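Novice: curious how this folds, go ahead:
(chains A and B)
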Amino acid sequence: MKTVMNSTRVLGGLCLLLCSAACGGRPAGWDTAYDPKMKEQKDVVAGDPTGDLQVRGLTGSVALLDPNRNEVMMLTSPERFALANTRLPVGQDVLQFKTSVDRDKLFVLSRGVKERFTEGDEAPQLRIFDGGTKPRQLSQFELQDPYNELEVDPFGEWLVVRGSEGLVSNPNELVLVKVPHGGTGEKPFLKTKTLDSSGGKPTSLRFTSQLAIPGNTARRLLIVEREHDLAVIDLNDLDAPEITVGMPMLPGGDLARPVDVSFHDAIPDEVNPLLAVRLDGYSNVMLLSVNQSTSADHAFSLDANEVDVGGAPSQLDFVQTRADGGLRLAALVPGKQEAKLIDPASGALQTVSLGAPFSQIRRITGEVSDGPGQDIALLYGDTTHTIAFWRLGATTGTPYRSIDLYQLGINVAQVLDIPTSASQQFADRKILSGASTGMGQQFYVLDLADRKSFPLDALKNLTLNLSPTGTQLWAFSDNDGFAQLTFDQLRPASLYAQASIAFVHDIATLQGSDERSAIALHILPSQSHSSVAATLYDGLEPSTAQTKFFANIELMGIH
Amino acid sequence: MTSFKKTSTVALLTALAGVALSGSAHAATDGVDGDADSAALGNHQKHVRVDLGARTQFIKSSGFDPFSEKDALTQVSLAASGVFWTQDAASLAAVIGFDYGETSARARSDQADLSLARFILAPELRYHLLRVLVLTAKVGPTLTRESAQLSGGGFGSDLMKTSWKFGVDATAGAAVELWGYAKGTTHRPRLWATAEGGYGWTAPMKLNLEPADGTTAPQRLVAPTLDDLSISGPLFRVTVALSYW
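Specialist: Have a look, this model is predicted:
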């Protein structure tokens, strides 16, 4: 009997041991449903093809936020009709999800744990990712406080993080981050800069290109527009104090508010670098000349001048009226259907009648390969279905003959540039989009070289996404149809998917430049949550009959 | 099904523990047959036995994770055995067994289901330490039908994969006669409790799921690549059994 008892006790103990072993579980990722995170309304930019979905099209990948797992899914295509998902951590509670202008990098700003009671609680972070065919994290910065704004330098060198969300925050605190670049060997770094303030807080930031500073090395400036002044930061010397420029007083006694800043580099023997400030609802524009330094603290000084253009301008831009100079500040005054050309050296004004209430100006000189040397500008506006080519060289003498008007079927609200980082082939094309005046929907492809505009009819109000190659675009809506438009022959190809489309983009594969994949992304309802699917097409010659449908992408890479 | 499995497992463990701690169950059966020959094994050893119980296996395979929140799978276990050779306290029985179990879990936004049906055919070596206590050891091939299903995805079709996989179970344990006439020649049934532990290995199954038949799945659908499902790991089984000869 003693043997029986001993044996059964051993078996009972073994069972208990095995039961305790069964308590092991699976990775927590399986218990986390996928739900897409939508952008806050203030972060939805008009014309952004991603709409309110936290997705970004990059050069070699499509980045889709997986917010419940604090990861980004980097969808790549190793070869045609193949899809891979690289999961990379992004930090908790993502606030900003942006790309570089060239779409080769992804920037993610996260809040972390709001109330950090333990050392292990995650801090706010900024992470930078390579958006190529082999996605990886390039840099990670831990921030002292959570910030909710991320400004991206259009020249790809800097990021500015701002807009602290702490209990008490200083809106004039800027975190400047040097973006890593592969070839330069320069290490990324972060520098916090607190601006002096007389009560105002930043509203907008503007990065200049390299400016030839008199008596010093060329350098870039960061112009911080605040409620009633500008703060100009020397990006080559972040330890130097910023230069604050006060705004003029309005007739009512209030200080003017800056709403936009334009810049132009120096022209030898003519002008120093210039900044032009447009003021909210005010007919005066402010011209700032970047001059030689007058103090040991700064590498430059600023001298201000005001010019009245006779009405509140809608946009300012510098234009050259000769190949070697003749710089003027163009101010569009749509209320008078006029442009004013200001000579920055003398302040002299010349009025040019435009014939339509153009509110926007875009220099297209660089895009016209056989340009005459002086600037050519495209004029457009969202209250007119007319566009104009404005040849600045002829303007000074014969202003009326210098403007060529063209009628379109749409009021142009947006002009999309063709990406040129991969190819200059179609640099002389622009995409014009806006509200149609007729029953149907249209967008236009503008050939700047031949001054031709090609209307493209669309059945629906489509979202346009330009390929990073600059050779084609994708037009899609939220149903299951979309179109590819190649710029060489302006040949649209209608395509279909087998689920509703959230985003369309084409990416490079690992097989070289001759092979690309197009991804139509689907966010599908699944048992009270969502699921991610994608249809893959040939990125160059897509066909609805040659696709692959990848289901349950949110499960890929969960371990 | 899940609650049934849990309940039956607990009940069986409780019964076995009761035997272990009290040691009185067999004493009660001694009084049934006054002419008991305590030295003769007789039908205590040579009999046909039917088992019903639960089999729990611990599975660390990452391919199992979508289907279960725990690293364990409990199955209903049925077995029939017949002793065909005896020598003193040792005997050999042929065992045919069947285990069935299901597990379900949320796989992120989807529902993941897995069902397993396993057949085993094996010789079992038995050694009577006492007339009412038998040590057992068994090694035998298994054939398992594994059926995985992923529901949801929002594209109008479930994803499935069903496959038959060979494997091996190797276990050792003990059986205790809870109730029965002490006399080895009686033809009355006997009640047993068994427990065994060991290791079960089943060939891995590639989870290359495909749309369920008859559904309108998108053309040229590619299901997500999940890790291979390997139903392998330590196992234990507890049963109650009736023997008869």
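
Novice: now do the closest residue in space to A:L446 that isn't next to it in sequence against A:D382, distance only.
Specialist: Distances taken as Cβ to Cβ, 6 or more residues apart in numbering or on different chains place A:K430 nearest to A:L446, at 4.3 Å, with adjacent residues excluded. All C-beta spots, glycine's among them, are computed from the backbone N, C-alpha and C. Separation of A:K430 from A:D382 (Cβ to Cβ, to the nearest Å): 15 Å.

Novice: who has more neighbours, these two?
Specialist: Neighbour count, other Cβ atoms under 10 Å in any protein chain shown: between A:K430 and A:D382, A:K430 has more, with 23 against 15.

Novice: okay, and the beta partners of the more buried one?
Specialist: Listed by DSSP bridges, the beta-bridge partners for A:K430 are A:D417, A:L446.

Novice: around chain B, which positions in the stretch 201-350 of chain A sit nearby?
Specialist: For the stretch 201-350 of chain A, the contact set with chain B under Cβ under 8 Å from any Cβ of the partner chain is empty.

Novice: find the closest residue to chain B in the stretch 201-350 of chain A.
Specialist: A:L205 (38.7 Å; Cβ to the nearest Cβ).

Novice: where in chain B is pLDDT low?
Specialist: B:1-39 (pLDDT under 70).

Novice: show me where it has strands.
Specialist: B:48-58, B:72-87, B:90-107, B:110-130, B:133-151, B:159-179, B:190-202, B:210-211, B:221-222, B:233-244 (DSSP state E).

Novice: name every strand pairing with the second one and say which way it goes.
Specialist: If I follow you right, that is strand B:72-87. strand B:48-58 (antiparallel), strand B:90-107 (antiparallel).

Novice: out of those strands, which gets nearest to A:V161?
Specialist: strand B:90-107 (36.4 Å; Cβ to Cβ).

Novice: on that earlier part again, dump the strands of chain B to CSV, plus mean neighbour count.
Specialist: Converted to CSV, those look like this (neighbours: other Cβ atoms under 10 Å in any protein chain shown):
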stretch, mean neighbour count
strand B:48-58, 21
strand B:72-87, 18
strand B:90-107, 19
strand B:110-130, 19
strand B:133-151, 19
strand B:159-179, 19
strand B:190-202, 21
strand B:210-211, 17
strand B:221-222, 20
strand B:233-244, 21
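
Novice: distance to A:G252 for the ones you listed - can I get that in a markdown table?
Specialist: Listed next are the strands of chain B as a markdown table, based on distance: least, Cβ to Cβ, whole Å:
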| stretch | distance to A:G252 |
| --- | --- |
| strand B:48-58 | 79 |
| strand B:72-87 | 77 |
| strand B:90-107 | 62 |
| strand B:110-130 | 62 |
| strand B:133-151 | 67 |
| strand B:159-179 | 68 |
| strand B:190-202 | 84 |
| strand B:210-211 | 70 |
| strand B:221-222 | 66 |
| strand B:233-244 | 81 |
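
Novice: A:Q527: which of the ones you listed is closest?
Specialist: So among the strands of chain B, strand B:110-130 is nearest, using Cβ to Cβ, at 6.4 Å.

Novice: ok so, going back, now do the same contact list for the residue nearest to A:L446.
Specialist: Each residue near A:K430 by Cβ atoms under 8 Å, 6 or more residues apart in numbering or on different chains is listed here: A:R362, A:I364, A:E367, A:L378, A:V415, A:L416, A:D417, A:I418, A:V445, A:L446, A:L448.

Novice: ok, which stretches of the stretch 451-559 of chain A are strands?
Specialist: Under the criterion DSSP state E, counting those that start in this stretch, the stretch 451-559 of chain A contains strands at A:452-458, A:463-466, A:472-476, A:481-486, A:491-496, A:503-509, A:512-526, A:529-538, A:548-550.

Novice: equivalent analysis for the stretch 151-300 of chain A, please.
Specialist: Counting by DSSP E, counting those that start in this stretch, the stretch 151-300 of chain A has strands at residues A:158-164, A:173-178, A:190-194, A:202-207, A:221-226, A:229-234, A:243-246, A:258-264, A:274-279, A:284-292, A:300-308.

Novice: between these, which gets nearest to A:D538?
Specialist: strand A:158-164 (35.1 Å).

Novice: residues in contact with that closest one?
Specialist: Here strand A:158-164 makes contact (Cβ under 8 Å, 6+ apart) with A:107, A:109, A:126, A:128, A:143, A:145-153, A:169-171, A:173-179, A:202, A:205, A:207, A:222, A:235.

Novice: narrow the residues you listed to just the buried residues.
Specialist: Neighbour-count burial within the contacts of strand A:158-164 applies to A:107, A:109, A:126, A:128, A:143, A:145-153, A:169, A:171, A:173-179, A:202, A:205, A:207, A:222, A:235; the criterion is 16 or more other Cβ atoms under 10 Å in any protein chain shown.

Novice: give me the pLDDT value at A:L495.
Specialist: As predicted, A:L495 sits at a pLDDT of 94.

Novice: would you mind writing the CA trace of stretch B:66-77 as PDB?
Specialist: The C-alpha trace of stretch B:66-77 is given here as PDB (Å, rounded to 0.1, in the frame of the first residue of the first chain):
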ATOM      1  CA  PRO B  66      -2.600  32.200 -33.800                       C
ATOM      2  CA  PHE B  67      -5.000  29.500 -32.600                       C
ATOM      3  CA  SER B  68      -4.500  29.500 -28.900                       C
ATOM      4  CA  GLU B  69      -3.800  32.000 -26.100                       C
ATOM      5  CA  LYS B  70      -2.000  29.200 -24.200                       C
ATOM      6  CA  ASP B  71       0.800  26.900 -25.200                       C
ATOM      7  CA  ALA B  72      -1.400  23.900 -24.400                       C
ATOM      8  CA  LEU B  73      -4.000  21.900 -26.200                       C
ATOM      9  CA  THR B  74      -6.400  19.500 -24.300                       C
ATOM     10  CA  GLN B  75      -8.200  16.800 -26.200                       C
ATOM     11  CA  VAL B  76     -10.700  14.200 -25.400                       C
ATOM     12  CA  SER B  77      -8.900  10.800 -25.500                       C
END
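
Novice: what residues does the stretch 451-559 of chain A put near chain B?
Specialist: A:498-499, A:522, A:524-527, A:529-531, A:533, A:535, A:547-556, A:558-559.

Novice: and the residue lying farthest from the centre of chain B, how far from B:D51?
Specialist: What lies farthest from the middle of chain B is B:Q219; by Cα atoms, centre = their mean that is 41.0 Å. Counting by Cβ to Cβ, the gap from B:Q219 to B:D51 is 49 Å.

Novice: quick one: contacts for A:A345?
Specialist: Counting by Cβ under 8 Å, 6+ apart, A:A345 has contacts A:E270, A:V271.

Novice: so how far is B:L209 from it?
Specialist: For A:A345, the distance to B:L209 equals 73 Å [Cβ to Cβ].

Novice: A:D265 too?
Specialist: According to Cβ to Cβ, A:D265 and B:L209 sit 59 Å apart.

Novice: lowest-confidence stretch among the strands of the stretch 451-559 of chain A?
Specialist: strand A:452-458 (a mean of 79).

Novice: pull out the buried positions in that strand.
Specialist: Of all the residues in strand A:452-458, those buried under the rule 16+ other Cβ under 10 Å are A:S453, A:L456, A:A458.

Novice: give me the residues contacting it.
Specialist: Residues outside strand A:452-458 that contact it (Cβ under 8 Å, 6+ apart) are A:387, A:406, A:408-409, A:432, A:440-447, A:475, A:483, A:485, A:490, A:492.

Novice: quick one, what contacts A:E306?
Specialist: By Cβ under 8 Å, 6+ apart, the residues touching A:E306 are A:P248, A:N284, A:V285, A:M286, A:L287.

Novice: let's have these in a markdown table, adding neighbour count and pLDDT.
Specialist: Formatted as a markdown table, the contacts of A:E306 follow (neighbours: other Cβ atoms under 10 Å in any protein chain shown; pLDDT from 0 to 100):
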| residue | neighbour count | pLDDT |
| --- | --- | --- |
| A:P248 | 14 | 91 |
| A:N284 | 18 | 93 |
| A:V285 | 23 | 95 |
| A:M286 | 22 | 95 |
| A:L287 | 20 | 96 |
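
Novice: which single residue of the stretch 151-300 of chain A ends up nearest chain B?
Specialist: Distances between the stretch 151-300 of chain A and chain B by Cβ to the nearest Cβ are smallest at A:E165, namely 29.5 Å.
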